[in-house]
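Visitor: Structure of the sequence below:
(chains A and B)
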Amino acid sequence: MKTFLALVLTLFTLSGTIIAQDGPEEIKQMLESRDNEIKELLGPSGNDFSQEQRDRLKDIINGVIYYPAMAEVALGETYNEIEDETREEFVDLFATMIRDNSLNRLDIYRADVNYNDISVNGDVATVNTTAQLEDVRTSVDYRMEVIDNEWRITDMSIDDVSTAESYNRQFQSIIRKRGFDALLESLRRRAART
Amino acid sequence: MLAIEIQRILDDANSQLEQVDETLQEMQEEGNPDLEEADIFKLDIFKAEFQTQRIEVQQSLDFVKRMWNYALQTSEGVTYIPEEQFLDPLPYEIEEYTFYESNAMQSRSELRGVEAGIEALRNSVEATRAQQYPLLFLGITGSFAHTPNRPRQTNPFIINNSNYASAGVGFGIRQNLNFQSIRNRVEKTEIEYQRVNDLHKAVTDGIVLEVNEAYREAVIADSKRKQTDEALKIARNWVRNEQLNYDLGFGDVENLLEAVQKELELRLNLKQNTFELNKRIAALYKASGVSVSQMTINE
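Guide: Next comes the predicted model:
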């Protein structure tokens, strides 16, 4: 009986170790695969893109992002205070803005990416990378969580500037000065520009 | 390296300004009601002022490059470029002061040289003093004769040197009587010994002062760099904030340009502080007698 219990305990510990070791590798493969897909679609520098290609790029770049988590950080306490329908609209508008902004400078996706560190703690991971394009070096860090059995990005920091926290600062300022409705209205106007 | 980094920052600054310009032009073409005429004027003024600063910095960079080429005696069509692509701080943590001081006491060649001199003079003083005292010596002599087949001789003075050997004992004292001269030489050697001892103290004091100064400057440079790095992170957040404000129609050009300018200034300062820090670390190593080739070992 004791031997059996010891065996079960060992197997349980080992499986935990194997999963932990798989985590970083799995994340790296996923991000590298995404990166390669983007580079393949981008092609050499100087290319023009059709609207279809731009939409496809948007999907690949942003497909791995989990917007509700990022929107929750961006909106802060107000996120849980608003009604479900309004919350859903807010997340949708927020996602539209992020997706649009992701295509502002396409060249950055041609950068060579070096994975400095990937640390996994249960269902949360932090990925530190350095992207280098010609003479420009940029640190790009991701915060990731397991959502529906998949690793998804919940925040990105570029040169130590967190996307979610940046939006949080801006949104809190707008809410303080003009109220949540003004914020929602500006997001609707922004989305309409797309 | 510093010149190259500054060039990069300038190019990036230009590109950022062009982006802001494009954004405002798009807003103008779209008839965006959030855009005010004053915003366009503010941007144009900023661009003009930036151009002036850019020319100044560019001239300084060209000067550096010319001096670099002159120092390296480069021929036509030959360009030297640094091995490293980016100016980064050395992977080095500054230790406690006592580490560098004790290292200096053990490793600085000037101290080793003076200490060797002291040792030599100490022996010289001993040797010179010894000349004042008498030299005592002892000698021993002996003899041996062997004639197994010769008949007995009655004459006691018959000696055959081939089968005879002799030895004797002697005790001697040698004393140099030139006491004044010896005393003078002893005094002279003692003065020299004292002088070198004083020199050792002066060299030690000088080294301690040098290590102290180098350590102080390295710590200050390290702190400056870290603080500038922190300030740059804050400036980047500020720029991002202003960009997002603009994106949502709450933007102010003046704030955006101020944020961009501050960020650029801090990027420049950071590179300069990094350069300064690396220099100070090298100076600290030199002061503490450690080879510069070991600079990347401590991480």
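Visitor: and A:V127, which of the three is it?
Guide: Here A:V127 is recorded as strand under DSSP: H, G, I helix; E, B strand; the rest coil.
Visitor: pLDDT value on it, please?
Guide: A:V127 is assigned 96 on the pLDDT scale.
Visitor: Bridged to the closest residue in space to it that isn't next to it in sequence, which residues?
Guide: In this structure, A:V127 finds its nearest non-sequential neighbour in A:Y142, 4.3 Å apart by CB to CB, 6 or more residues apart in numbering or on different chains. Bear in mind the C-beta positions are built from the backbone N, C-alpha and C, glycine included. Counting by DSSP bridges, A:Y142 forms beta bridges with A:V127, A:M156.
Visitor: residues touching A:Y142, list them.
Guide: A:Y142 makes contact with A:31, A:125-127, A:129, A:153, A:155-157, according to CB atoms under 8 Å, 6 or more residues apart in numbering or on different chains.
Visitor: Identify, from those residues, the entry nearest to A:E185.
Guide: If you rank the contacts of A:Y142 by distance to A:E185 using CB to CB, A:D155 comes first, at 25.5 Å.
Visitor: any idea whether the closest residue to A:D135 other than its chain neighbours is helix, strand or coil?
Guide: Spatial nearest neighbour of A:D135, excluding adjacent residues (CB to CB, 6+ apart): B:R8 at 5.4 Å. Here B:R8 is helix, with the state taken from three-state DSSP.
Visitor: any idea how far B:L87 is from B:I281?
Guide: 14 Å (CB to CB, to the nearest Å).
Visitor: okay, those two: which has more neighbours?
Guide: B:I281 (22 against 19; other CB atoms under 10 Å in any protein chain shown).
Visitor: Neighbours of B:L177, how many?
Guide: Every residue meeting other CB under 10 Å relative to B:L177 is counted, giving 7.
Visitor: what's near enough to touch it?
Guide: By CB under 8 Å, 6+ apart, B:L177 has no neighbours at all.
Visitor: so it sits in a strand?
Guide: No - using three-state DSSP, the assignment for B:L177 is coil, not a strand.
Visitor: What about it? Give its phi and psi, please.
Guide: For B:L177, the backbone dihedrals (degrees, to the nearest 10) come out as phi -90, psi 0.
Visitor: A:S50 too?
Guide: Dihedral angles (degrees, to the nearest 10) for A:S50: phi -80, psi 170.
Visitor: before we move on, which element is the residue nearest to the spatial centre of chain A in?
Guide: Geometric centre of chain A, nearest residue: A:I153, 3.1 Å, by CA atoms, centre = their mean. In this assignment (DSSP states H and E), A:I153 forms part of strand A:150-158.
Visitor: Contact residues of chain B facing chain A?
Guide: Counting by CB under 8 Å from any CB of the partner chain, chain B comes close to chain A at B:8, B:12, B:85-86, B:233, B:236-237, B:240-241, B:244-245, B:247-250.
Visitor: Report the two of those residues separated the most.
Guide: B:Q85 and B:G249 (40.1 Å).
Visitor: quick one: A:N116 from chain B, how far?
Guide: Look at A:N116 and chain B: by CB to the nearest CB, to the nearest Å, they are 14 Å apart.
Visitor: so that residue touches A:N128, yeah?
Guide: Yes - A:N116 is within contact range of A:N128, at 4.5 Å (criterion: CB atoms under 8 Å).
Visitor: element containing B:E22, please.
Guide: helix B:2-30.
Visitor: could you give the angle of the helix or strand that that helix is followed by to helix B:2-30?
Guide: Later in the chain than helix B:2-30, the nearest helix or strand by DSSP H and E is helix B:37-72. Here the directions of helix B:37-72 and helix B:2-30 differ by 160 degrees (axes from the mean of the first three to the mean of the last three CA atoms, to 10 degrees).
Visitor: Which strands and helices lie in contact with helix B:37-72?
Guide: helix B:2-30, helix B:253-287 (3 or more CB pairs under 8 Å, 6 or more residues apart in numbering or on different chains; DSSP states H and E).
Visitor: hang on, the earlier thing: contact partners for the residue nearest to the centre of chain A?
Guide: A:64-66, A:142-144.
Visitor: top of those by neighbour count?
Guide: Most surrounded of those: other CB under 10 Å gives A:M144, at 27 neighbours.
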